[in-house]
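> Sequence first, predicted coordinates after that:
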Amino acid sequence: GGRGIVKVTARAAWAVGLLASFYAIAFGLLAAMVIIDVLVVRYAASAQALVVLLPMTCVAFIVVVSAVFVSTRRSPDGLPGIAVTDEEQPALWARARELASAAGTEPPDEIRIDHKANASVSQDAALLGLVPRTRRLFLGAPLLLALSPAQLDAVLAHEFGHYSNHDTRLLPIVNRGRISVLRAVEAAAGRPREGSGAATGRALPGRYLIYRLFNAYAARYLAVTQSISRRQEFHADAISARVAGSQATIAALQRMPELQSAYRFYLERFVAAGLNLGLLPEPPQVIAGFNTLLSALDQFPAVNEGAERRTSARARFDSHPPLDERIDALKSLPEGHSAADEGVRAIDLLVGPDDVLAAVGRRMIGDRYERASRADWDTIFDTVAREQTRTAARPLIDALHLITGIQGTLPAFLDLVDAGRLEDVLRRLLTPAQARYAGAGDVALELATKTLMTALPPWVLAELGDAGKIHWTRARGAEAELEISPALRADLDGAYAALLAETPDTGPLRAVLQEARASSHQRR
């Protein structure tokens with residue numbers, strides 16, 4: 001109602017006043033330092049005092065100026081993603097302009113498609129957000145893969161809604177101010193910021209005291225604007241519902257935490273794991289490989305648990321109200337306009353989507369892309385799973401190294417067993433705590449045997465994988481499934497039993513490994 005708008009306007013005006021007061025405090029600090037220096041020179045004439053005060057004044061000047069005049073403008077080289085022009089992506093630009101107009105704000109000056117599972121509208125600004133500059137729409141390629149056009153409309157209408165002037169023209173200044181105040185604190189602390197193109201940190205004496213002053217002021221500003229920002233979230237949701245339909249808005253809100261957790265899972269388990277082994281797919285598949293998870297998200301507890309944590313976690317100055325409250329508010333709104341999706345994905349809006357995904361993938365990986373070898377996702381998945389399996393053999397490999405003094409190998413282990421030194425290996429597998437608890441008798445050997453049988457089979461499987469005898473595949477989504485014939489599995493079970501017999505026999509296991517190596521040579 002009108003009273004609520006007046007209250008928000010008054011609070012917004014107070015916040016803008018706090019932004020302006022920031023300058024008074026900053027330059028007041030500099031003026032005080034200069035006055036103290038002048039008084040010391042005139043009345044104290046103490047060289048020792050000047051040696052202390054003059055450097056502190058210089059530090060104050062550097063820190064204050066870098067913080068007060070920090071701009072939210074970022075170097076193009078440091079910006080994430082790739083810029084797409086109106087000529088390159090006319091449908092996307094037309095949609096952005098239409099959504100911005102419907103939200104009651106100006107369209108972006110630039111659209112960038114990046115690798116993040118998010119979308120945002122940001123505006124470069126100076127003087128702590130009081131002077132607006134370039135407006136950019138950042139659109140995550142994973143959202144284009146995962147959302148329908150109507151859901152994407154809902155997300156973008158919400159982001160443009162943060163810059164609408166329906167309640168008060170001071171609110172966009174407040175929003176920019178929250179970003180700018182945080183960046184001013186980062187500048188005072190000397191931290192590098194994303195997209196700046198360079199680090200700003202310098203170990204200057206006295207910087208910490210000024211940082212604490214600015215940090216306290218920023219905390220006050222964020223506290224004053226907290227209720228405004230949260231009200232703006234509901235306001236932006238309402239704009240989204242009016243423009244794209246409340247059902248599409250609710251669907252997008254519910255899907256985002258799950259998508260973001262799934263994408264983080266994909267980057268860690270697929271892209272980063274492959275890159276660490278020097279393997280990457282062809283450029284479009286670096287991002288498009290995310291499709292492998294989209295059809296089976298409910299199968300992966302790690303993804304769902306991550307989504308729940310994101311939904312429940314609340315930072316002190318988080319501007320977003322709880323998701324349930326936002327959805328309840330949306331359910332009370334009329335449906336509004338709702339576009340028919342007709343089973344298409346948002347990425348179908350793009351011209352040459354494979355080229356766009358390839359450019360975004362290259363931008364994300366950077367210089368490491370050219371140094372990596374190309375492989376399809378099945379090969380990468382098999383290689384990553386094999387190396388992760390080999391990692392489980394680490395205790396046995398380390399024990400062999402301690403015994404022999406050289407890098408442990410599977411043939412070296414079998415040679416030790418044939419030499420009657422299996423017990424030596426077993427005792428090396430005991431942790432100090434296990435050795436103290438179990439002593440030197442049968443209990444210790446039983447514990448060590450359990451450790452052996454958690455390390456030896458993975459090592460054997462990794463060796464068989466190297467020989468191409470077995471493979472790991474994606475069972476649906478991201479979980480690894482071992483492809484091994486029943487006959488080979490039975491042979492391995494028999495080989496392990498022979499190895500652990502009262503008189504250890506390595507022959508069956510050697511035969512399995514020898515046959516795998518021979519098959520590998522024949523395939524080559």
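Thanks, I have it.
> and stretch 435-451, how far from the chain's centre?
43 Å (CA atoms, centre = their mean, to the nearest Å).
> So for that stretch, mean pLDDT?
Mean per-residue pLDDT for stretch 435-451: 79.
> in it, what's buried?
Going by neighbour count (16 or more other CB atoms under 10 Å), the buried part of stretch 435-451 is 438, 444-445, 447-448, 451. Backbone N, C-alpha and C define where each C-beta goes, glycine included.
> before we move on, what about stretch 373-391?
375, 377, 380-386, 389-390.
> and that stretch, C-alpha only, in CSV?
Output in CSV follows, covering the C-alpha atoms of stretch 373-391 (Å, rounded to 0.1, in the frame of the first residue of the first chain):
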residue,chain,number,x,y,z
SER,A,373,44.3,-33.9,-25.1
ARG,A,374,40.9,-34.4,-26.7
ALA,A,375,38.7,-37.4,-25.8
ASP,A,376,35.0,-38.1,-25.8
TRP,A,377,33.2,-38.1,-22.5
ASP,A,378,33.0,-42.0,-22.3
THR,A,379,36.8,-42.2,-22.5
ILE,A,380,37.3,-39.4,-20.0
PHE,A,381,34.8,-41.0,-17.6
ASP,A,382,36.5,-44.4,-17.9
THR,A,383,39.9,-42.8,-17.3
VAL,A,384,38.8,-40.8,-14.3
ALA,A,385,37.0,-43.8,-12.7
ARG,A,386,40.1,-45.9,-13.3
GLU,A,387,42.4,-43.4,-11.6
GLN,A,388,40.0,-43.0,-8.7
THR,A,389,39.9,-46.8,-8.3
ARG,A,390,43.7,-46.9,-8.3
THR,A,391,43.7,-44.3,-5.5
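> still on that earlier bit, in JSON lines: the buried residues of stretch 373-391, plus secondary structure and distance to Asp505.
Formatted as JSON lines, the buried residues of stretch 373-391 follow (DSSP: H, G, I helix; E, B strand; the rest coil; distance: CB to CB, whole Å):
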{"residue": "Ala375", "secondary structure": "coil", "distance to Asp505": "39"}
{"residue": "Trp377", "secondary structure": "helix", "distance to Asp505": "41"}
{"residue": "Ile380", "secondary structure": "helix", "distance to Asp505": "38"}
{"residue": "Phe381", "secondary structure": "helix", "distance to Asp505": "35"}
{"residue": "Asp382", "secondary structure": "helix", "distance to Asp505": "31"}
{"residue": "Thr383", "secondary structure": "helix", "distance to Asp505": "32"}
{"residue": "Val384", "secondary structure": "helix", "distance to Asp505": "34"}
{"residue": "Ala385", "secondary structure": "helix", "distance to Asp505": "30"}
{"residue": "Arg386", "secondary structure": "helix", "distance to Asp505": "27"}
{"residue": "Thr389", "secondary structure": "helix", "distance to Asp505": "25"}
{"residue": "Arg390", "secondary structure": "helix", "distance to Asp505": "25"}
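> all strands for the chain, in order.
For the chain, the strands defined by DSSP state E cover 82-84, 110-114, 119-126, 131-140, 279-280, 373-374, 471-474, 480-483.
> Switch those over to a markdown table; also include mean pLDDT and distance to Tyr43.
Shown next, in a markdown table, are these (pLDDT from 0 to 100; distance: least, CB to CB, whole Å):
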| stretch | mean pLDDT | distance to Tyr43 |
| --- | --- | --- |
| strand 82-84 | 96 | 59 |
| strand 110-114 | 97 | 56 |
| strand 119-126 | 80 | 39 |
| strand 131-140 | 87 | 41 |
| strand 279-280 | 95 | 69 |
| strand 373-374 | 94 | 73 |
| strand 471-474 | 88 | 79 |
| strand 480-483 | 87 | 77 |
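> got TSV for those strands, with distance to Val243 too?
Output for the strands of the chain, formatted as TSV (distance: least, CB to CB, whole Å):
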stretch	distance to Val243
strand 82-84	22
strand 110-114	18
strand 119-126	14
strand 131-140	15
strand 279-280	38
strand 373-374	42
strand 471-474	38
strand 480-483	43
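> closest to Leu323 out of the ones you listed?
Nearest of the strands of the chain to Leu323, taken as CB to CB: strand 119-126 at 16.7 Å.
> Show me what the closest one is packed against.
If contacts are counted by 3 or more CB pairs under 8 Å, 6 or more residues apart in numbering; DSSP states H and E, strand 119-126 sits against strand 131-140, helix 149-161, helix 171-189.
> can you pull the buried residues of the first one?
By that I understand strand 131-140. Quick answer for strand 131-140 (16+ other CB under 10 Å): 132, 135-140.
> What helices and strands are in contact with it?
Helices and strands touching strand 131-140, by 3+ CB pairs under 8 Å, 6+ apart, are strand 110-114, strand 119-126, helix 149-161.
> Identify whichever of the ones you listed lies nearest to Ala419.
With CB to CB as the criterion, Ala419 lies closest to strand 110-114 of the helices and strands packed on strand 131-140, at 58.6 Å.
> what lines up beside the closest one in the sheet?
With DSSP bridges as the test, strand 110-114 is paired with strand 82-84 (antiparallel), strand 131-140 (parallel).
> okay, those in a markdown table with distance to Leu414 next?
Below are those laid out as a markdown table (distance: least, CB to CB, whole Å):
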| stretch | distance to Leu414 |
| --- | --- |
| strand 82-84 | 54 |
| strand 131-140 | 51 |
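> Looking at the ones you listed, which is nearest to Ser21?
Proximity to Ser21 (CB to CB) singles out strand 131-140 among these, at 16.8 Å.
> export the closest one as CSV, just CAs?
Backbone C-alpha positions of strand 131-140 (Å, rounded to 0.1, in the frame of the first residue of the first chain) are rendered in CSV as follows:
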residue,chain,number,x,y,z
VAL,A,131,26.6,7.3,-10.8
PRO,A,132,25.4,4.5,-13.1
ARG,A,133,27.4,3.3,-16.1
THR,A,134,27.4,0.2,-18.4
ARG,A,135,24.6,-2.3,-17.8
ARG,A,136,25.3,-6.0,-18.5
LEU,A,137,23.2,-9.1,-18.6
PHE,A,138,25.2,-12.2,-17.6
LEU,A,139,23.5,-15.3,-18.8
GLY,A,140,24.8,-18.8,-17.8
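> Okay, angle between that strand and strand 119-126 too, please.
Counting by axes from the mean of the first three to the mean of the last three CA atoms, to 10 degrees, strand 131-140 lies at 160 degrees to strand 119-126.
> that older thread, from the helices and strands packed on strand 119-126, which stretch is densest packed?
Comparing these by mean neighbour count (mean count of other CB atoms under 10 Å), helix 149-161 ranks first with a mean of 27.
> wait, which of the strands of the chain is closest to Ser332?
Nearest of these (CB to CB): strand 119-126, 24.8 Å.
> and the closest one, how far from the chain's centre?
20 Å.
> Pairing partners for that strand, with directions?
For strand 119-126, the paired strands and their directions (DSSP bridges) read strand 131-140 (antiparallel).
> Can you pull out the low-pLDDT segments for the stretch 201-350 of the chain?
The stretch 201-350 of the chain contains residues with pLDDT under 70 at 201-207, 296-319, 336-343.
> Repeat the analysis, applying 90 as the threshold.
The model of the stretch 201-350 of the chain has pLDDT under 90 over residues 201-233, 235, 257-258, 261-262, 265, 269-270, 291-323, 332-345.
> Of the strands paired with strand 110-114, which is nearest Ala150?
Using CB to CB, the strands paired with strand 110-114 put strand 131-140 closest to Ala150, at 15.5 Å.
> Just the angle for the closest one relative to helix 149-161, thanks.
Using the same axes, to 10 degrees, strand 131-140 lies at 160 degrees relative to helix 149-161.
> what's the neighbour count on the residue nearest to Phe61 when sequence neighbours are not counted?
Counting by CB to CB, 6 or more residues apart in numbering, Phe61 lies nearest to Leu30, which is 6.1 Å off, once chain neighbours are set aside. As a burial measure, Leu30 scores 16 neighbours (other CB atoms under 10 Å).
> any idea how far Gly420 is from Leu30?
Computed as CB to CB, to the nearest Å, the Leu30 to Gly420 distance reads 81 Å.
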